[in-house]
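In: model the following, please.
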Amino acid sequence: MALPALGSVLLGTADPDRLRGWYLEAFAPPVDKYGFLVFGPVKVLIDRRADVAVKNPEPGRVILNLSVDDARAVAAHLDRVGVTWLAGLEEREHGLFGTLVDPDGNYVQIIQLNQDYYDDSLTG
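Out: Numbers count the residues shown, from 1 in each chain. Next up, the predicted model:
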């Protein structure tokens, strides 16, 4: 059996227009003809759900990790649009990491991995 590939993530929300608008302003992803936000090979669909709270009560359960080429530039843009940071951009062993909170309370990380991480992953 072939290994399944993660194709998309559904972000359920009580207010899809507000949440979609936030992601568009924060990250400016392309939007496909079906309304998915395109983040590389994985797409995000933001859709109204009647079975979710207005705020996510367990935001650490699933975190969207967005790989970026220039974390400092992305963080500066995010500051200009007024995002809420859970943990500001910081240097860690494998690169730069920052965690922000979307309007529904979900955690989103921006990550710029360093060359040491890629070198280590090749050697196993």
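
In: quick one: low-confidence parts of the protein?
Out: 121-124 (pLDDT under 70).

In: looking at it, which helix is longest?
Out: helix 16-27 (DSSP state H).

In: thinking in terms of the whole chain, how far from its middle is the helix or strand following that one?
Out: Going down the chain from helix 16-27, the next helix or strand is strand 37-39, by DSSP states H and E. A distance of 10 Å separates the centroid of the chain from that of strand 37-39, by C-alpha atoms, centre = their mean, to the nearest Å.

In: list the buried residues of strand 37-39.
Out: 37, 39 (16 or more other C-beta atoms under 10 Å). In short, each C-beta sits where N, CA and C put it, glycine included.

In: likewise stretch 88-95?
Out: 89, 94-95.

In: run a quick neighbour tally on residue 54.
Out: 10 (other C-beta atoms under 10 Å).

In: brain fart, residue 20
Out: So residue 20, with other C-beta under 10 Å, has 19 neighbours.

In: my guess is it meets residue 37, correct?
Out: Yes - using C-beta atoms under 8 Å, residue 20 makes contact with residue 37 at a distance of 7.4 Å.

In: residues that sit against both of the two, list them.
Out: residue 46 (C-beta atoms under 8 Å, 6 or more residues apart in numbering).

In: now do the helices in the protein.
Out: So, for the chain - with DSSP H - the helices run 16-27, 71-80, 115-123.

In: which helices and strands does the first one pack with?
Out: Helix 16-27 makes packing contacts with strand 37-39, strand 42-48 when contacts are defined by 3 or more C-beta pairs under 8 Å, 6 or more residues apart in numbering; DSSP states H and E.
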